[in-house]
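>>> make a model of this:
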Amino acid sequence: MAAGITMLRIQNLHAGYIDQEILHGINFEVKPAEIVAVIGPNGSGKSTLLKCIFNLAKVNSGKIFFKDRDITGIPTHELVSDGISFVSQGRQVFGNLTVLENLEMGAFVLNDAELMSRNLMDVYSKFSLLKKKKNDYAFNLSGGQQQMLVIARALIQNPQLLLLDEPSLGLSPKGMKDIFEKIKEIKNEGVAVILVEQNAKQACALADKTYVLEDGRIALIGGRELLGDPRIKKIYFGGR
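Below is the predicted model of the structure:
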């Protein structure tokens with residue numbers, strides 16, 4: 001992709017679920033190989049934003065563009081084929097399947113045995129622990145290892161844009177550190193990442209750009225300097 005091209009662009013998005021609008025006029029942009037963090041209090045619409053991109057929430061109005069193509073309302077399986085992968089909240093592994101079988105489940109869209117084998121080897125090179133544990137059942141992995149597995153399962157689809165919803169949720173400090181290091185490595189290999197995180201400090205420190213949501217609207221946009229912005233405290237805790 002040529003320099004200066006926008007990977008993802010959202011224009012005046014109003015969206016939510018059935019008759020409840022959660023997002024009110026969101027404008028949002030992600031460049032190639034950029035980590036963009038989305039932070040804000042619970043209920044601010046962070047996860048809904050990711051679900052709209054992946055066509056898992058109802059878009060009432062507005063447009064979503066991926067590489068300048070309008071993907072608003074495009075079926076989810078087509079989005080995966082086009083280069084968007086989504087890791088939802090909660091480490092949703094197939095516990096009764098092995099690590100390898102979980103990864104193969106992620107590769108179903110490839111429909112090419114040679115490509116799947118090549119991508120599997122690439123994922124193993126990024127996640128050496130998963131290669132070591134490829135025959136172990138997923139339910140036997142630690143929380144951090146399960147999170148690595150679901151990220152690897154998304155990466156085997158060869159995405160250009162990776163959507164991550166609360167990847168550090170419930171992890172130990174070491175597990176959290178490992179996940180954030182892995183996200184940095186993914187970005188360095190040319191994949192754009194949208195990172196929804198409750199851990200605002202870690203997310204803001206990692207990201208190239210951060211959007212702060214409040215009540216379904218963008219309250220702030222900035223870089224790492226947002227960590228010292230007094231408005232952050234007000235958005236999270238209210239008051240003056």
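
>>> name the helices or strands packed onto the longest helix along the chain?
Longest helix of the chain, by residue count under DSSP state H: helix 173-188. Judged by 3 or more Cβ pairs under 8 Å, 6 or more residues apart in numbering; DSSP states H and E, the packing partners of helix 173-188 are strand 35-39, helix 113-126, helix 143-155, strand 192-196, helix 200-206. In short, each C-beta sits where N, CA and C put it, glycine included.

>>> output the third one as CSV, nothing but the C-alphas.
When you say that, I think you mean helix 143-155. Output in CSV follows, covering the C-alpha atoms of helix 143-155 (Å, rounded to 0.1, in the frame of the first residue of the first chain):
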residue,chain,number,x,y,z
GLY,A,143,-4.9,-17.0,30.5
GLY,A,144,-1.9,-15.3,28.8
GLN,A,145,-1.3,-18.3,26.6
GLN,A,146,-4.9,-18.5,25.6
GLN,A,147,-4.8,-14.8,24.6
MET,A,148,-1.7,-15.5,22.5
LEU,A,149,-3.6,-18.3,20.8
VAL,A,150,-6.6,-16.2,19.8
ILE,A,151,-4.3,-13.5,18.5
ALA,A,152,-2.4,-16.1,16.5
ARG,A,153,-5.6,-17.6,15.2
ALA,A,154,-6.5,-14.2,13.8
LEU,A,155,-3.0,-13.6,12.4
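
>>> point out the other helices and strands that that helix packs with.
The contact analysis (3+ Cβ pairs under 8 Å, 6+ apart) places helix 143-155 against strand 84-87, helix 99-106, helix 113-126, helix 128-132, strand 161-165, helix 173-188.
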